[in-house]
Structure formats: structure tokens, C-alpha cells
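>>> Got a sequence here, can you model it:
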Amino acid sequence: MYMAEVRNFRPYIAGMVRFSLLIVDDDEALLEAIQDTIRLRLPHVAVSTSPSAHEALRLLSLQSYDVTLSDVRMPSMDGYRLLSEI
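Sure thing, here's the model as predicted:
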């Protein structure tokens, strides 16, 4: 159901990226797999990745993202704390 909602997201200028997504996960293989899947199925989404919550906060200070998808269990700072920082 979520993917259907994403596909129906309409506010964009023709030919431009509809929205941006930041994926945060300390499992680099899973991070790459999620990124590849989203790029394949939803080519209109600009995907960025981060291997840690601290790196995600740095990226968020440089650019705003429409959606942040984060793992919950990560070393140093978990996904819940990341969410509270955002």
C-alpha cells in the first residue's frame, strides 16, 4: 500500500524529481538493496543514503528531504533518537 501511495504523489514540475528520500541504516548491504529497489521501482525519487544517524543529521543540515526512512536499532544513536533530533 505504501508504494501505491508514493506512486500517486503528484506535486512536481514535469521532468523533475518529485521528492527526495534519505535512507538511514548501519547495515550497508541492506542500505544498498533498499536504495537499488527504490531507484528501480520509483525512478522519480531522488535517493540518498547514510550509514549512521550522525551522518544523517549532517546530511539533513545540508539539504532537506521529503522523507527520511531509518532503521531503529543502530549503534551510537538509534532511530528513535534520530527522529527526536530531526
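>>> contacts, neighbours, all on C-alpha from now
Noted.
>>> Can you pull out the low-pLDDT segments for this structure?
1-17 (pLDDT under 70).
>>> quick one, helices of it?
2-7, 28-41, 53-62, 79-85 (DSSP state H).
>>> Show me how far stretch 53-69 is from its chain's centre.
In terms of C-alpha atoms, centre = their mean, to the nearest Å, the centre of stretch 53-69 is found 8 Å from the chain centre.
>>> Over to stretch 68-80?
For stretch 68-80 - counting by C-alpha atoms, centre = their mean - the centre lies 12 Å from the chain centre.
>>> With stretch 22-31 instead?
So, by C-alpha atoms, centre = their mean, the centroid of stretch 22-31 is 9 Å from its chain's centroid.
>>> how long is that stretch from one end to the other?
Chord length of stretch 22-31, first to last residue, is 11 Å (C-alpha to C-alpha, to the nearest Å).
>>> quick one: buried residues of it?
Buried residues in stretch 22-31, counted by 16 or more other C-alpha atoms under 10 Å: 22-26, 31.
>>> List the contacts of it.
Stretch 22-31 has contacts (C-alpha atoms under 8 Å, 6 or more residues apart in numbering) with 35, 47-53, 56, 65, 67-71, 74-75.
>>> That concludes my questions; thank you for your assistance.
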